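J.: Structure, please.
(2 chains)
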Amino acid sequence: MILLSNLSWRFLTVWRRNLIVYRKIWKVNFLVPLLEPAFYILAFGLGFQGLIEGLRYAGQPLAYTRFMAPALVAISIMYNSFFETTYASFVRMYYQKTFDGMMTTPLSLEEIILAEIVWSATKATAAALLMTLVLGLFGFVLFPQGLLIVPLAFLGGLAFGAVGMFFTGFTPSIDMFNLPIFLFITPMFLFSGTFFPMAGLPLWAQHAAYFFPLYHLVELTRFCCLGLVETSPLASLAYLVCFALFFLVLGLMAMRRRLIK
Amino acid sequence: MDTTVADNTEYILRVENLGKRFNGLVAVDSISFAVRAGECFGLLGPNGAGKTSTIRMMYGFSPPGSGTIRILGLDVASQWRQIRSRIGVCQQDNTLDPDLTVFQNLLIFAGYFRIPRNLASERAEELLHFFALEKKREAKVGELSGGLARRLTLARALINDPELIILDEPTTGLDPQSRHLLWDRLHALRARGKTFILTTHYMEEAAQLCDRLVIMDHGRILVEGTPASLIEEHVGRSLIEIGGLEQGALRRFLRERQVDYDELADKLIIYSNGDTAIEQAIHEGFSSRQCTFRAATLEDVFLRLTGRELRE
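T.: Okay, here's the model as predicted:
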């Protein structure tokens, strides 16, 4: 059971706490999203592109690096938010007992958990924006529509942050996060139209990918960066909104069950 | 034991028929007590007696299984947010934020109460001074010793200038210097009219700090009273400890004179209650090298009521 009456804007005070901690090592936090796309583009562009010819996406021929670059942003959104509400939130909840301390103040558990999820989306948005700017320098992003990545990253961050929090709600020990990562995150990373177009796969595999939130996020980042899309962007957007809301509720419920005894 | 409380008095906290079960096991079994403004009230009991469960229900962390808790006239179940903004809680575990400095711990915690920034940093400075933490201002929490960390925890619990302060084992694991400094600070806060609820395993601490206390065991309140009255009532003013196993004659003597005593594995504890004639007789007739005449303490009450066997 979650109580809506327990939710207020007070959650922003917890969000702010995470921002202050993040700012302390902002140089390290910025380094990864700045360098990661450069590494990938170099590796795939120089080392891989020559092997791949005739790639077509949404009916158009496309250079492999141009196809792959927007997916890097989507993957980074997923990793940043999912890892924040799994490993990082688990450390705060279990090892540092930060939530226990907060629960002696006028904060509700619902506000603390909501703040963690919104924070994970914020972190994902910062990373996505930096990556988009770097990819823009390489010429892989159309501006200004590429800046739509910012609200999109926030939505995607909410979706993956919420599902991460749901796992945190019942994962007994921090090592057990290997399981959702291996069974949920890694298959999505590989089979969401990230590194090859889904059109080349058998029909059943294409249909299965529709259930992956990352598939929809990749479609939308590609739409923002290239103006190309295979499926309906509105349908993808709707799917992500529903996914985020569904797991937000489930995540709050799981954490309440876990912590309130 | 009379636990009913008249409605017209200025009670800061009233617990009535409070109960809690975990997975079918009774942790707190219908307890009632009340704390007046300005009082220091102790919750004593062995591990697993239900002290921490009771405290967690008080600040609205865990919902009461049955019964009610009213703090400052407000109901914990429905008005927990208002209550928490007016109380301070010092938890048993270290819940300081290790990602932040000492000063940030106070400031950001103040943020959770929505205390305006200026006021928050003013109070944070005062509290650093009050707990002699100024030199550690920019230190990371992980670098603090146990005593410093506990002082900071207490400072943090005071950031909202609370009317009631709940302390769950505030001095467990501290060295004597740190413990005395903390007691000293608590006395200073009491002089400012703060109300305290305190759990502790140290009977000396309870006797020193508490105006009134309850001793709990198995989720129930066994006795309630002032430290002095509990000692008087349950063990008397003085007692004698006599070591050695062959005490048949002494035991016959005590039964004849109807003097209370407890038999332990290797000694007798005789509750002589200041009766100098008895003490004289025992001293002359039965004492050996392992014989101690001493004043009774709260620890004697505690052990007598909750038993001497290990709990865990």
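J.: Grab the nearest non-local neighbour of the residue of the stretch 1-150 of chain A found nearest chain B.
T.: The nearest approach of the stretch 1-150 of chain A to chain B comes at residue A:101, 3.3 Å away (CB to the nearest CB). C-beta here means a position set from N, CA and C on the backbone, and glycine is covered the same way. Counting by CB to CB, 6 or more residues apart in numbering or on different chains, residue B:95 is the residue found nearest to residue A:101 once chain neighbours are left out, at 3.3 Å.
J.: Kindly export stretch B:157-172 (C-alpha atoms) in CSV.
T.: Backbone C-alpha positions of stretch B:157-172 (Å, rounded to 0.1, in the frame of the first residue of the first chain) are rendered in CSV as follows:
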residue,chain,number,x,y,z
ALA,B,157,18.8,15.5,16.3
LEU,B,158,18.7,19.0,17.9
ILE,B,159,18.8,20.9,14.6
ASN,B,160,15.0,21.6,14.7
ASP,B,161,15.2,22.8,18.3
PRO,B,162,12.9,19.9,19.4
GLU,B,163,10.7,19.9,22.4
LEU,B,164,11.1,16.1,23.0
ILE,B,165,14.3,14.3,22.4
ILE,B,166,14.4,10.5,21.9
LEU,B,167,17.7,8.8,22.6
ASP,B,168,18.1,5.1,21.8
GLU,B,169,21.2,3.9,23.6
PRO,B,170,23.1,7.2,23.3
THR,B,171,26.3,6.1,25.0
THR,B,172,26.7,2.4,24.0
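J.: What are the buried residues along it?
T.: B:157-160, B:162-171 (16 or more other CB atoms under 10 Å in any protein chain shown).
J.: Same check on stretch A:235-246?
T.: Neighbour counts over stretch A:235-246 (16+ other CB under 10 Å) mark A:236-237, A:239-240, A:243-244 as buried.
J.: Let me see the mean pLDDT of it.
T.: The pLDDT scores in stretch A:235-246 average 97.
J.: which sections of the stretch 1-150 of chain B are below the confidence cut-off?
T.: B:1-9 (pLDDT under 70).
J.: just the strands in the stretch 201-312 of chain B please.
T.: B:212-217, B:220-225, B:238-243, B:261-263, B:267-270, B:291-295 (DSSP state E, counting those that start in this stretch).
J.: Tell me which residues of the shortest one come out buried.
T.: So that's strand B:261-263. By 16+ other CB under 10 Å, the buried positions in strand B:261-263 come out as B:261-262.
J.: which bits of the stretch 101-250 of chain A sit near chain B?
T.: Contact residues, the stretch 101-250 of chain A versus chain B (CB under 8 Å from any CB of the partner chain): A:101-108.
J.: These into a markdown table, with extra columns for pLDDT and neighbour count?
T.: Below are those laid out as a markdown table (pLDDT from 0 to 100; neighbours: other CB atoms under 10 Å in any protein chain shown):
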| residue | pLDDT | neighbour count |
| --- | --- | --- |
| A:101 | 96 | 24 |
| A:102 | 97 | 24 |
| A:103 | 96 | 26 |
| A:104 | 97 | 23 |
| A:105 | 97 | 27 |
| A:106 | 97 | 22 |
| A:107 | 97 | 23 |
| A:108 | 96 | 24 |
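J.: Now stretch B:281-300 - C-alpha only, PDB.
T.: Provided in PDB are the C-alpha atoms of stretch B:281-300 (Å, rounded to 0.1, in the frame of the first residue of the first chain):
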ATOM      1  CA  ALA B 281      25.600 -10.800  62.900                       C
ATOM      2  CA  ILE B 282      26.600 -11.900  59.400                       C
ATOM      3  CA  HIS B 283      29.900 -10.000  59.600                       C
ATOM      4  CA  GLU B 284      30.800 -11.800  62.800                       C
ATOM      5  CA  GLY B 285      29.300 -15.200  62.200                       C
ATOM      6  CA  PHE B 286      29.700 -15.900  58.500                       C
ATOM      7  CA  SER B 287      31.900 -13.500  56.700                       C
ATOM      8  CA  SER B 288      35.000 -14.700  54.800                       C
ATOM      9  CA  ARG B 289      37.500 -13.100  52.500                       C
ATOM     10  CA  GLN B 290      34.800 -12.900  49.700                       C
ATOM     11  CA  CYS B 291      32.400 -10.800  51.600                       C
ATOM     12  CA  THR B 292      31.200  -7.400  50.400                       C
ATOM     13  CA  PHE B 293      28.900  -5.000  52.200                       C
ATOM     14  CA  ARG B 294      27.600  -2.300  49.800                       C
ATOM     15  CA  ALA B 295      24.800   0.100  48.900                       C
ATOM     16  CA  ALA B 296      22.100  -1.300  46.600                       C
ATOM     17  CA  THR B 297      22.000   0.000  43.100                       C
ATOM     18  CA  LEU B 298      19.600   0.100  40.100                       C
ATOM     19  CA  GLU B 299      21.600  -2.700  38.600                       C
ATOM     20  CA  ASP B 300      20.600  -4.900  41.500                       C
END
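J.: Could you give me the buried positions within it?
T.: B:282, B:286, B:291, B:296-298, B:300.
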